[in-house]
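**Student:** Compute the structure for the input listed below.
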Amino acid sequence: QAYSGTPPEEKEKIVWVRFENADLNDTSRNMEFHEIHSTGNEPPLLLMIGYSDGMQVWSIPISGEAQELFSVRHGPVRAARILPAPQISAQKCDNFAEKRPLLGVCKSIGSSGTSPPYCCVDLYSLRTGEMVKSIQFKTPIYDLHCNKRILVVVLQEKIAAFDSCTFTKKFFVTSCYPCPGPNMNPIALGSRWLAYAENKLIRCHQSRGGACGDNIQSYTATVISAAKTIKTGLTMVGKVVTQLTGTLPSGATEEEILAHSNLRRSPLVPGIVTIIDTETVAEGQVLVSEDSDSDGIVAHFPAHEKPICCMAFNPSGMLLVTTDTLGHDFHVFQILTHPWSSSQSAVHHLYTLHRGETEAKVQDISFSHDCRWVVVSTLRGTSHVFPINPYGGQPCVRTHMSPRVVNRMSRFQKSAGLEEIEQELTSKQGGRCSPVPGLSSSPSGSPLHGKLNSQDTYNNFTNNNPGNPRLLPLPSLTVVLPLAQIKQPMTLGTITKRTGPYLFGAGCFSIKAPCKSKPAPQISPSKSVGGEFCVAAVFGASRSWFANNSGLKREKEQSKQFVVESLYIISCYGSLVEHVLEPRPLSTAPKISDDTPLEMVTCPRASWPLVRTPQWNELQPPFNANHPLLLAADAVQYYQYLLAGLVPPGSPGPITRHESYDSLASDHSGQEDEEWLSQVEIVTHTGPHRRLWMGPQFQFKTIHPSGQTTVISSSSSVLQSHGPSDTPQPLLDFDTDDLDLNSLRIQPVRSEPVSMPGSPRPAADRRGVSTVIDATS
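**Tutor:** So this is what the prediction gives:
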């Protein structure tokens, strides 16, 4: 367009973008994806775009052909979610089963029309097209979150949670710390836990651990902290300048918030995180105070010194990433809970992800599916890619260069006993990884936290507690720098001659693009003056083979196993770009070993222009039964019915569970047993752990059925070994009363094959001999 001189096509202005998790890409509950590895059936990417007028939903399946699923123009939309099918049981049924899938929308003009803007959540059925529920509020709504248990509505300083089956109010929180934006009230919702920013720290509920102080790293930390004092002065000047020029982003400033908090009796404390269990928390108001009990509170800890700006759980829900309003460092916490109270829980600060020394507000955090990579996107349009391990420790060639997650310790480390030596060294030095001896960076900052004397270790073992992760010592903290920083271009694909000097607003210096004498219509994102770009990122299987060659080399491309999934980034220009990430050992390293640090090469591989033009038709419900969102909702609901042991609507007859237990030899027992066995986890002995493949741990002994009991005495033939002369020679000389049967290795006369679940032998054969598995090493 730039070369030919044709006027660029007008595009609608994008206000927000987000990758959605719904039934369509739910790998755990959608039967279609249960055999992913054998069929290569990958879930599609689901993408939502909010325009200044209306919104749009896209699906990008593994074939790479983007498909528009929903498009509407009904005024600005602040937040929207496709609600997943709820979890049901025999006691709890879904009131809206025949209306699903549902779309929850917060629009400027609600269903009632009279309420102030953005004050109600409307739930529309994509199957019938009607509005099935409207929830009204007195104050504006900032965001919606949902999982298969609850729908969470985020207001200023408040959170309201509604049951997914009935949409009746379940609980509400009124003690959130206000954030200056872009996310006015940051929360993170996992599959079961909800994390939010609390406005004060209550000592009796405080969990062990939490954020470490600033004395974490080595020399670099000292340099950085020296630079911070200069930087604070600079930002103050910057703020005054931006206020004078009037380019301050909308939303409350920190000063206004502080003034607001002074009206209250107790001062607010920034940077505190509370995690609650949405299942066990009591109905009504959730109050974290000295008087309240800790029912439903999973953890309560300080995460930052500044107000929290953004949070996200990893797919398993055990790691929480938090960022503050400065955006220099992001913290990764591992949450280890205790069934009694939050004060017994431990919060391990595994990583500090250091972005840089300039200020930036975080708008999006995304994990890879194996939790080895995390991408943090800021309002400047840059996505920072960090390597992490779910269990902590320095990312290196061994942990991040294989397609699969590796154990925390290699086989060599385990057999060489390196961990014990390491522990001794750190306990002598005193700190976590601080260069100064005796300086610990534990939550209280006292040297006692860092040390673990031999008496503590001994007590742990005598109390039958070999290395309880919730007790001291806390794991050491690792500082990680981004391996890649992917920046958004200022305009998309337009090349023009430089017509004037470079003139950038705050925060635009990193975006290499020529300034234009006359900006094109699509150059204005949410705030082009301040250089703010809405960006969202997600990891997924590569789809670029389709773009590069239409299906010719698919098998070859798929057989080459990528170490990292592709990273998909959608920008405020509506272009979705697939970036291929290739980690490799540091090129400057003299020799490559397991512990060599990493570097990363990234390159954009494919692009999908998804932005809507005013000429596009709308795509509104009611949809046909073969619409992808409807098919997915049907599949997940069917699976939910089977899990709950209920009759799915429209199925031929009742499925009764007890039939499969009548006889072990019945046809369908195999599947039932396998499903059961996959849920079993057995701990056979306390540590130090000896792995199954390091030697035999089990002995199989035959117990004769009643009626054929063999009485063993010291003269019994079982206990005598026959020598070459065939004269019985007694093995042991002992009294019959002191006989310990377990200590004897009794060799049975005849060994029966072990009966396994689902084996084809008839049940009659099995009843003769019962097998005992004895787990003594």
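**Student:** Verify the contact between S343 and V298 for me.
**Tutor:** No. Applying Cβ atoms under 8 Å, one finds S343 not in contact with V298, separated by 11.3 Å. In short, each C-beta sits where N, CA and C put it, glycine included.
**Student:** Compare these two (neighbour count), which wins?
**Tutor:** For S343 versus V298, the count of surrounding residues by other Cβ atoms under 10 Å is larger for V298: 24 against 17.
**Student:** Now the more buried one. Nearest residue, chain neighbours left out?
**Tutor:** Nearest residue to V298 in three dimensions, chain neighbours excluded: I275, at 4.3 Å (Cβ to Cβ, 6 or more residues apart in numbering).
**Student:** does the one you found have beta-bridge partners, and which?
**Tutor:** With DSSP bridges as the criterion, I275 is bridged to A195, A299.
**Student:** Report pLDDT for it.
**Tutor:** With respect to pLDDT, I275 has a value of 96.
**Student:** Does it touch T322 like I think?
**Tutor:** No. Under the criterion of Cβ under 8 Å, I275 makes no contact with T322, lying 11.0 Å away.
**Student:** out of the two, which sits in the more crowded spot?
**Tutor:** Comparing I275 with T322 by other Cβ under 10 Å, the one with more neighbours is I275, at 28 against 25.
**Student:** need the helices for this protein, in chain order.
**Tutor:** Under the criterion DSSP state H, the chain carries helices at the ranges 36-39, 219-245, 254-262, 397-400, 411-416, 418-429, 447-450, 454-462, 544-548, 554-559, 628-644, 659-662, 669-677, 763-766.
**Student:** By mean pLDDT, show me the worst of these.
**Tutor:** helix 447-450 has the lowest average pLDDT among these, namely a mean of 34.
**Student:** Show me the shaky parts of this structure.
**Tutor:** Scanning the chain with the threshold set as pLDDT under 70 gives 1-8, 34-40, 110-114, 213-266, 419-420, 422-467, 490-531, 546-561, 651-698, 706-777.
**Student:** which residue packs closest to T382, ignoring adjacent ones?
**Tutor:** Across the structure, with Cβ to Cβ, 6+ apart as the measure, the residue nearest T382 apart from its sequence neighbours is K487 (5.0 Å).
**Student:** What's the separation between T602 and M311?
**Tutor:** From T602 over to M311 the distance is 26 Å, taken as Cβ to Cβ, to the nearest Å.
**Student:** okay, those two: which has more neighbours?
**Tutor:** For T602 versus M311, neighbours defined as other Cβ under 10 Å are more numerous around M311 (24 against 18).
**Student:** Quick one: residues contacting the more buried one.
**Tutor:** Applying Cβ atoms under 8 Å, 6 or more residues apart in numbering, one finds that M311 lies in contact with 186-188, 195-197, 273, 320-323, 365.
**Student:** go on, L47?
**Tutor:** Remark: with contacts taken as Cβ under 8 Å, 6+ apart, L47 is in contact with 17-20, 57-60, 570, 576, 610.
**Student:** One more: R398?
**Tutor:** So, once contact is read as Cβ under 8 Å, 6+ apart, R398 ends up touching 406, 410, 594-595.
**Student:** Name the residues of stretch 295-315 that are buried.
**Tutor:** Neighbour-count burial for stretch 295-315 flags 296-304, 306-315 (criterion: 16 or more other Cβ atoms under 10 Å).
**Student:** Which of those fall within strands?
**Tutor:** 297-302, 308-313 (DSSP state E).
**Student:** Quick check: the farthest pair among those?
**Tutor:** Using Cβ to Cβ, these reach their maximum pairwise distance at I297 and C309, which is 22.7 Å.
**Student:** how close does the closest residue to D53 other than its chain neighbours get to V376?
**Tutor:** Spatial nearest neighbour of D53, excluding adjacent residues (Cβ to Cβ, 6+ apart): R73 at 4.9 Å. The span separating R73 from V376 equals 33 Å under the rule Cβ to Cβ.
**Student:** Neighbour count for those two, which is higher?
**Tutor:** Neighbour count, other Cβ under 10 Å: between R73 and V376, V376 has more, with 25 against 16.
**Student:** Next one: the more buried one relative to I88, how far apart?
**Tutor:** Taken as Cβ to Cβ, the spacing of V376 relative to I88 amounts to 36 Å.
**Student:** do K306 as well
**Tutor:** Relative to I88, K306 is positioned 42 Å away (criterion: Cβ to Cβ).
**Student:** same question, V321
**Tutor:** With distances taken as Cβ to Cβ, V321 is found 31 Å from I88.
**Student:** quick one: which of those two has more around it?
**Tutor:** Between V321 and I88, counting by other Cβ under 10 Å, V321 is the more crowded of the two (25 against 19).
**Student:** Does that one touch H304 like I think?
**Tutor:** No. In terms of Cβ under 8 Å, V321 does not count as a neighbour of H304; the distance is 11.7 Å.
**Student:** quick one, phi/psi of P390?
**Tutor:** phi -60, psi -20 (degrees, to the nearest 10).
**Student:** In contact with it, which residues?
**Tutor:** Applying Cβ under 8 Å, 6+ apart, the residues contacting P390 are 314, 316, 318-319, 334, 371-372, 405.
**Student:** check contacts around Q637.
**Tutor:** Taking Cβ under 8 Å, 6+ apart, one finds 85, 94, 97, 100, 648 in contact with Q637.
**Student:** contacting residues for the nearest residue to the last one once chain neighbours are set aside?
**Tutor:** Put plainly, it is P648. In this structure, P648 finds its nearest non-sequential neighbour in Y641, 4.0 Å apart by Cβ to Cβ, 6+ apart. With contacts taken as Cβ under 8 Å, 6+ apart, Y641 has the following neighbours: 88, 647-649.
**Student:** Tell me the one among those residues nearest to D143.
**Tutor:** Proximity of those to D143, judged by Cβ to Cβ, is greatest for I88, which lies at 26.1 Å.
**Student:** which residues touch the closest one?
**Tutor:** The neighbours of I88, taking Cβ under 8 Å, 6+ apart as the test, are 94, 165, 640-641, 644, 646.
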